[in-house]
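Asks: missing the sequence, but the structure's below:
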Ligand code: NA7
């Protein structure tokens, strides 16, 4: 495809994480001239950056690996049912070597600006190091949680000890022995950090604004015999994932809470609570996440679990969320989280009672007292889904910027394309099917589809693809409807674009697609079968 007057590349992919790795592989199979631009010094994306203690999967490891290569599936042994970050990073590095992808990746290069040129029908991609590349197609694989946000609190720069946002955790080992550690934030990340550090530090102070409903992960190691058995079942496992809304092995029951006797449902909930993984969230009665009364009942049941596990009644009550029901925000999966608060060296500070006044040189000053610490961990979350796009300047037709276009709501078609930004494919962009699923399962579908579209374009000598406004409107309505049926649409969480540390961060936005992976996959198929309806190919 490339010749002298052509752009430098057929496709540039931004990001070498789970999605970028797979996209590169698929496009190289099509013998295209592709390069991946990655800000990190190696592949792995999320699993490259998040090196904080306790970081691990909430997906079963063997349901998370790529499904496309039987050779990889048979060669790779997972050591734990929910792999920790180092194991996952090793896995991704192994895949990159196995498929000889590294030579097509450029590391330590940060993309700053991408500008569409109508005349040459190509994108110009500018890098922080001053380089500029051109490409016919641009694909973003920049992650949904890769724009970390620090808390907007006075004095953050004054702290004299070590301090990191969990996303930027150092690559070198951190010595916690004898250290007083403060953790700000109790989302999925904070909960992992707290559970892991409680028995390794001298003192742990947890600064909690709003508690979350957490559930036990029940991780365990995988014996060689177990791994051998898993390898014989991969086809069955991935078929199961394809049937479920989230692409996990867990699917909601067809039964409603009220279809079952009180004893029957309590017995089932007990079983879920004692089982590994997301089953308690995604494999519960079908109405728990949709119907207020069903949700209230389960929420009350699980609140008692917190009271059972936390010795001090004041602490237990403070750990019980009061602003949302179970599952309306992302459920952090925990290991010894609640038990951490039974230790003498762990203390919970409730910021709703005693807010942070400022960070000082020695620690955290609340309205009640100054908490002196040696290490401060910011587990304060992300500018989710659109944040990584906003940090690059995308300029489309007529000079319009994507940042402005998405200021109110990230409007897309299928989460893959944006009107006014031709030849740009937002793999795992806002409202793409993959972003609310077991990620690799979702991106395999999305990437395969986008790679086939690129092939179709090349085969038909098309040079420009752009979705229509009407297609975007219709997709947006569908996205909104899918939100409306779920109780999560009422909660303040990153699922809905909430982030108190961003300007306007309290405003609800539609970042995710909740219609379920099977429906999304069907929709992609239909669009392709109907000659890519909703797109103008010229
Ligand atoms: P989350 O889930 O967004 O959690 C961030 C936490 O940080 C949450 O408890 C926030 O409290 C807290 N936070 C944020 N800003 C502040 C300030 N200024 N003061 C006090 N506390 C603050 O991010 P995670 O990294 O835990 O998880 C993100 C995803 O990564 C997760 O869902 C998984 O998919 C993987 P709040 O709740 O807003 O009151």
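Replies: Happy to help now that I have it. Since the model is a prediction, treat every value here as computed from it, not as a measurement. Residues are numbered from 1 along each chain as shown.

Asks: From here on, just use CA atoms for contacts and neighbour counts.
Replies: Will do.

Asks: For residue 135, which three-state class applies?
Replies: Reduced to three states with DSSP: H, G, I helix; E, B strand; the rest coil, the structure at residue 135 is strand.

Asks: so what's it closest to, chain neighbours aside?
Replies: Take residue 135 and drop its neighbours on the chain: the residue closest to it by Cα to Cα, 6 or more residues apart in numbering is residue 9, 4.5 Å away.

Asks: and residue 306, what helix or strand is that in?
Replies: Taking DSSP states H and E as the criterion, residue 306 maps to helix 292-309.

Asks: distance of residue 20 from the ligand?
Replies: Look at residue 20 and the ligand: by Cα to the nearest ligand atom, to the nearest Å, they are 18 Å apart.

Asks: next one: residue 241
Replies: Between residue 241 and the ligand the distance is 18 Å, computed by Cα to the nearest ligand atom.

Asks: Residues of the chain that sit close to the ligand?
Replies: Taking Cα under 6 Å from any ligand atom as the test, the list of the chain residues beside the ligand reads 151-152, 184-190, 209-210, 330, 379-382, 494, 501.

Asks: List buried residues within these.
Replies: Listed as buried from those are 151, 184-190, 209-210, 330, 379-382, 494, 501; burial here means 16 or more other Cα atoms under 10 Å.

Asks: so what secondary structure elements neighbour the helix holding residue 306?
Replies: Here helix 292-309 touches helix 313-318, helix 337-340, going by 3 or more Cα pairs under 8 Å, 6 or more residues apart in numbering; DSSP states H and E.

Asks: same for the last one, what does it pack against?
Replies: Okay, so that is helix 337-340. Helices and strands touching helix 337-340, as assessed by 3+ Cα pairs under 8 Å, 6+ apart, comprise helix 188-197, helix 292-309.

Asks: May I have the distance across stretch 249-266, first residue to last?
Replies: 22 Å (Cα to Cα, to the nearest Å).

Asks: list the buried ones in it?
Replies: Of the residues in stretch 249-266, 249, 250, 251, 252, 256, 257, 265 count as buried by neighbour count, 16+ other Cα under 10 Å.

Asks: Next up, the contacts around the fifth one.
Replies: Residue 256 makes contacts with 285, 286, 287, 288, as judged by Cα atoms under 8 Å, 6 or more residues apart in numbering.

Asks: Over to the last one?
Replies: Taking Cα under 8 Å, 6+ apart as the criterion, residue 265 is in contact with residue 257.

Asks: so it is in which element?
Replies: Taking DSSP H and E as the definition, residue 265 sits inside helix 262-273.

Asks: what's the angle from that helix to helix 292-309?
Replies: 60 degrees (axes from the mean of the first three to the mean of the last three Cα atoms, to 10 degrees).

Asks: name the helices or strands packed onto the helix or strand just after helix 262-273?
Replies: Scanning forward in sequence from helix 262-273 by DSSP H and E, the next helix or strand is helix 279-282. Under the contact definition 3+ Cα pairs under 8 Å, 6+ apart, helix 279-282 sits against helix 262-273.

Asks: Let me see the mean pLDDT of the helix it packs on.
Replies: Per-residue pLDDT over helix 262-273 has a mean of 98.

Asks: still on that earlier bit, in a markdown table, list the helices and strands packed on helix 292-309 along with mean neighbour count.
Replies: Conversion of the helices and strands packed on helix 292-309 to a markdown table gives the following (neighbours: other Cα atoms under 10 Å):
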| stretch | mean neighbour count |
| --- | --- |
| helix 313-318 | 16 |
| helix 337-340 | 21 |
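
Asks: Tell me which of those lies nearest to residue 356.
Replies: With Cα to Cα as the measure, helix 313-318 is the member of these nearest residue 356 (16.7 Å).

Asks: hmm, back to that, taking the buried ones among the residues of the chain next to the ligand one by one, which sit in strands?
Replies: Where these overlap with strands, as defined by DSSP state E, the overlap consists of residue 184.

Asks: ok, back up a step: ok, the residue nearest to residue 135 to the ligand distance?
Replies: Taking Cα to the nearest ligand atom as the measure, residue 9 falls 33 Å from the ligand.

Asks: cool, and residue 182?
Replies: Here the criterion is Cα to the nearest ligand atom. By it, residue 182 lies 12 Å from the ligand.

Asks: That residue in helix, strand or coil?
Replies: Taking three-state DSSP as the rule, one finds residue 182 in the strand state.

Asks: mind listing what it touches?
Replies: 204, 205, 206, 207, 363, 373, 374, 375, 376, 377.

Asks: Backbone torsions only: list them for the residue in the stretch 1-150 of the chain positioned nearest to the ligand.
Replies: Nearest to the ligand in the stretch 1-150 of the chain, going by Cα to the nearest ligand atom, is residue 145, at a distance of 6.4 Å. According to degrees, to the nearest 10, the main-chain angles of residue 145 amount to phi -130, psi 70.

Asks: For burial, what's the neighbour tally of it?
Replies: Summarising burial for residue 145: neighbours were counted as other Cα atoms under 10 Å, giving 19.

Asks: Spatially nearest residue to it, not counting backbone neighbours?
Replies: Counting by Cα to Cα, 6+ apart, residue 145 lies nearest to residue 384, which is 5.2 Å off, once chain neighbours are set aside.

Asks: ok, that neighbour touching residue 501?
Replies: No - in this structure, residue 384 sits apart from residue 501 without contact. The criterion is Cα atoms under 8 Å, and the distance is 11.7 Å.
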